[in-house]
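> Got a predicted model here, sequence first, then my questions.
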Amino acid sequence: MKKVKLGKSHLEVSALAMGSDLIGSKIDRDTAFKLFDFYSENGGTFIDTANMYACWLPGCAGGESETTIGAWMKDRRNRDRMVISSKLAFDYPGCEGGLSAAEIQRECDKSLKRLGTDRIDLYYAHRDDRAIPLEETMKALDGLVKAPGEIAVLCDTYGGAINKVAADATAFVHRANTKYVMQYYMQWDSASATNANIAMMRTLYASMRPFVSGGCYVNYCDLDLADWQSAYWGQNLTRLKQIKSSFDPDNVFRHAQSVPLA
């Protein structure tokens with residue numbers, strides 16, 4: 001599998017990362033190990049997780065994904081061959097969420113323990129936290145970067161690598177001079193809150209626009225759209241179907257938002 005540099009860091013990762021939100025929960029340990037083995041044996045080195053995966057499922061409390069990944073790496077003795085990204089900021093049982101300095105340190109320590117490692121290679125803020133001063137959050141994250149072993153890379157920094165690939169050769173449709181990616185997640189329970197939340201996001205985007213060279217787009221597949229696959233993957237959908245059919249003809253990697261077989 002093709003390898004690429006992770007931004008401007010020293011890390012080199014497989015071009016295809018493996019998500020793990022249902023690993024250790026809906027996907028049991030034995031099946032998860034087989035999926036990780038398949039991914040690794042075919043050159044995969046980049047696994048993405050989060051502290052709260054998959055607390056939304058009945059019987060789960062969060063941490064199941066990280067724990068299973070840690071067990072697999074210990075069993076296969078391959079930690080040094082893998083690059084692990086994780087995330088924090090959402091609440092889950094035993095965690096109030098947010099991005100305070102205390103919460104960042106506490107959740108980082110818990111993730112390190114579950115993963116059975118001394119470092120997290122890429123650490124995301126899964127959402128923003130407007131109740132905490134940005135300076136506090138950034139200082140705490142900077143402290144993790146400088147701490148021995150804990151965080152090797154903090155930001156999702158593409159370093160322009162995406163723009164060296166032709167538009168029809170990548171799933172990253174929205175990639176105008178991309179170097180950094182910022183993720184914001186919003187949800188609300190009633191239709192009456194829709195306009196206020198959309199207005200808030202537009203205000204945020206307008207405030208960030210002077211500092212952003214690229215654009216803003218919906219990062220999650222919206223299954224309510226009549227043709228959400230084309231809306232999400234755009235001109236790359238046909239090629240992605242071909243790749244899916246070639247490398248995963250049995251549709252092992254599938255969920256509600258998967259690329260369908262050609």
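Structure received. Numbering: from 1, shown residues only.
> didn't residue 103 look like it was pressed against residue 91?
No. Residue 103 is beyond contact range of residue 91, at 9.7 Å (criterion: Cβ atoms under 8 Å). The way it works is simple: take the backbone N, C-alpha and C, and place the C-beta from them, glycine included.
> my guess is residue 63 contacts residue 113, does it?
No. In this structure, residue 63 is not within contact of residue 113 by Cβ under 8 Å, at 9.4 Å.
> sorry, back to before: common neighbours of residue 103 and residue 91, please.
residue 97 (Cβ atoms under 8 Å, 6 or more residues apart in numbering).
> Neighbour count for those two, which is higher?
residue 103 (20 against 13; other Cβ atoms under 10 Å).
> Shouldn't the more buried one be within a helix?
Yes. Assessed by DSSP: H, G, I helix; E, B strand; the rest coil, residue 103 belongs to a helix.
> list the contacts for it?
Residue 103 touches 88, 95, 96, 97, counting by Cβ under 8 Å, 6+ apart.
> ok, now how distant is the first one from residue 242?
What it means is residue 88. Using Cβ to Cβ, to the nearest Å, one gets 36 Å for the distance from residue 88 to residue 242.
> between these two, which one's more packed in?
The neighbour count for residue 88 versus residue 242, taken as other Cβ under 10 Å, is higher for residue 88 (25 against 13).
> and the more buried one, what are its bridge partners?
Beta-bridge partners for residue 88, by DSSP bridges, are residue 125.
> Just confirm it contacts residue 125, I think it does.
Yes. When contacts are counted by Cβ under 8 Å, residue 88 is listed as touching residue 125 (6.9 Å).
> who's in contact with residue 245?
So residue 245 contacts 261, 262 (Cβ under 8 Å, 6+ apart).
> and what of the one 4 residues further on?
For residue 249, the contacting residues are residue 261, taking Cβ under 8 Å, 6+ apart as the criterion.
> Assumed it was part of a helix.
No. Looking at residue 249 with three-state DSSP, it is coil, so not inside a helix.
> so how far is residue 262 from it?
Residue 249 is 10 Å from residue 262, by Cβ to Cβ.
> helix, strand or coil for residue 129?
coil.
> I'd say it and residue 89 touch.
Yes. Here residue 129 lies in contact with residue 89, judged by Cβ under 8 Å, at a distance of 6.3 Å.
> what sits in contact with each of those two?
97, 98, 99.
> By neighbours, which of those residues wins?
Ranked by neighbours (other Cβ under 10 Å), the shared contacts of residue 129 and residue 89 are led by residue 99, which has 24 neighbours.
> just checking, next helix/strand downstream of the lowest-mean-pLDDT helix or strand in the chain?
Ranking every helix and strand in the chain by mean pLDDT, DSSP states H and E puts strand 151-153 at the bottom, with a mean of 52. Sequence order places helix 194-208 as the next helix or strand after strand 151-153, per DSSP states H and E.
> Any idea how many residues pack against the closest residue to residue 75 other than its chain neighbours?
Counting by Cβ to Cβ, 6 or more residues apart in numbering, residue 33 is the residue found nearest to residue 75 once chain neighbours are left out, at 7.4 Å. Number of residues near residue 33 (other Cβ under 10 Å) recorded here: 17.
> so which helix or strand takes in residue 33?
helix 29-41.
> so what secondary structure elements neighbour that helix?
Judged by 3 or more Cβ pairs under 8 Å, 6 or more residues apart in numbering; DSSP states H and E, helix 29-41 is in contact with helix 64-76.
> What residues sit buried inside the helix it packs on?
64, 65, 66, 67, 68, 69, 70, 71, 72, 73 (16 or more other Cβ atoms under 10 Å).
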